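1. build me a model from this:
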Amino acid sequence: MPPPAGSQVSRVPAQRTPPEELAPPAVAPAPRQPRRRLRTVLTVVAGVVAVLCLTGGVVGYFVYDRATTLDRSTPAVVVDNYLRAYLVDRNDARSRLFSCEGVSEFETLRRLRDDLAAREERFGTTMWVSWERFQVDRIDGSAEVRVDLTFAAQVDGIRQSDRQSWTFTTRLGEDWRVCSAVPG
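-> Next up is the predicted model:
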């Protein structure tokens with residue numbers, strides 16, 4: 001059918017709608033790569049830190065245990081620990097941990113310690129106590145330990161010292177303990 005006369009017809013070219021499969025896909029941002037590398041690094045670092053902390057804790061425990069465990073394994077060791085506790089640290093409670101229970105044969109050693117303290121106060125100095133030459137004579141479950149004790153101080157710029165030999169009797173029960181101390 002022709003168009004009526006006098007009318008204007010505008011022609012629009014025919015357009016065909018392309019099928020959807022032929023249409024270009026919508027532009028979408030590229031998917032972000034998961035941060036697996038960062039996650040892996042953090043996991044490894046956390047694992048290493050955990051292992052180091054655990055190892056440090058175990059080592060710390062054993063070092064602490066070894067440092068705080070009393071060593072009464074031999075007559076010489078128990079005498080050394082007793083002298084350190086009694087004469088150097090002047091710690092009666094700790095020295096009792098190295099001595100025989102119910103034994104009070106330490107009167108001479110107590111007088112020596114009191115004399116050292118009195119000299120320190122009188123001369124305004126510090127008395128240093130050291131020991132050497134442990135000679136151990138074992139007899140079954142007991143032992144005599146002979147030790148040379150040295151007492152030194154500096155008074156008015158002059159170093160003075162005194163050396164005395166002492167004999168300590170030790171006994172073996174569950175472990176070694178000091179039971180008496182006498183000069184000579």
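2. so Pro29, which of the three states?
-> Three-state assignment for Pro29 (DSSP: H, G, I helix; E, B strand; the rest coil): coil.
3. tell me how far the spatially most central residue of the chain lies from Cys53.
-> With distances taken as CA atoms, centre = their mean, the residue of the chain nearest its centroid is Gly60 (4.3 Å). Distance of Gly60 to Cys53, computed by CB to CB, to the nearest Å: 10 Å. Every C-beta, even on glycine, is put in place using the N, C-alpha and C of the backbone.
4. with Ala143 instead?
-> Distance, Ala143 to Cys53, using CB to CB: 45 Å.
5. repeat that for Phe98.
-> For Phe98 relative to Cys53 (CB to CB), the value is 36 Å.
6. between those two, point out the one with more neighbours.
-> Neighbour totals were compared for Phe98 and Cys53, and Phe98 leads with 24 against 10 (other CB atoms under 10 Å).
7. next, the more buried one: phi, psi?
-> phi -110, psi 0 (degrees, to the nearest 10).
8. nearest residue to it other than its sequence neighbours?
-> Tyr82 (4.0 Å; CB to CB, 6 or more residues apart in numbering).
9. ok, now Cys179?
-> Per CB to CB, 6+ apart, closest to Cys179 is Cys100, 4.0 Å.
10. dump the residue contacts of that neighbour.
-> Neighbouring residues of Cys100 by CB atoms under 8 Å, 6 or more residues apart in numbering: 171, 177-179.
11. that's a strand at Arg72, yeah?
-> No - per three-state DSSP, Arg72 lies outside any strand segment and is coil.
12. isn't it up against Ala85?
-> No - assessed by CB atoms under 8 Å, Arg72 is found out of contact with Ala85, at 11.8 Å.
13. okay, and the common contacts of the two?
-> Joint contacts of Arg72 and Ala85 (CB under 8 Å, 6+ apart) are Phe98.
14. output the below-cut-off pLDDT ranges for this structure.
-> Within the chain, the segments meeting pLDDT under 70 span 1-26, 33-35, 65-67, 104.
15. and the helices in it, which stretches?
-> 36-68, 75-83, 92-96, 107-123 (DSSP state H).
16. of these, which is nearest Ala153?
-> Nearest to Ala153, of all the helices of the chain, is helix 107-123, at 6.9 Å by CB to CB.
17. contacts for that closest one?
-> So helix 107-123 is in contact with 86-87, 90, 125-127, 129, 151, 153, 155, 166, 181-183, going by CB under 8 Å, 6+ apart.
18. next, the angle helix 75-83 makes with that helix.
-> With axes from the mean of the first three to the mean of the last three CA atoms, to 10 degrees defining the directions, helix 107-123 sits at 40 degrees from helix 75-83.
19. quick check: buried residues in helix 107-123?
-> 109, 112-113, 116 (16 or more other CB atoms under 10 Å).
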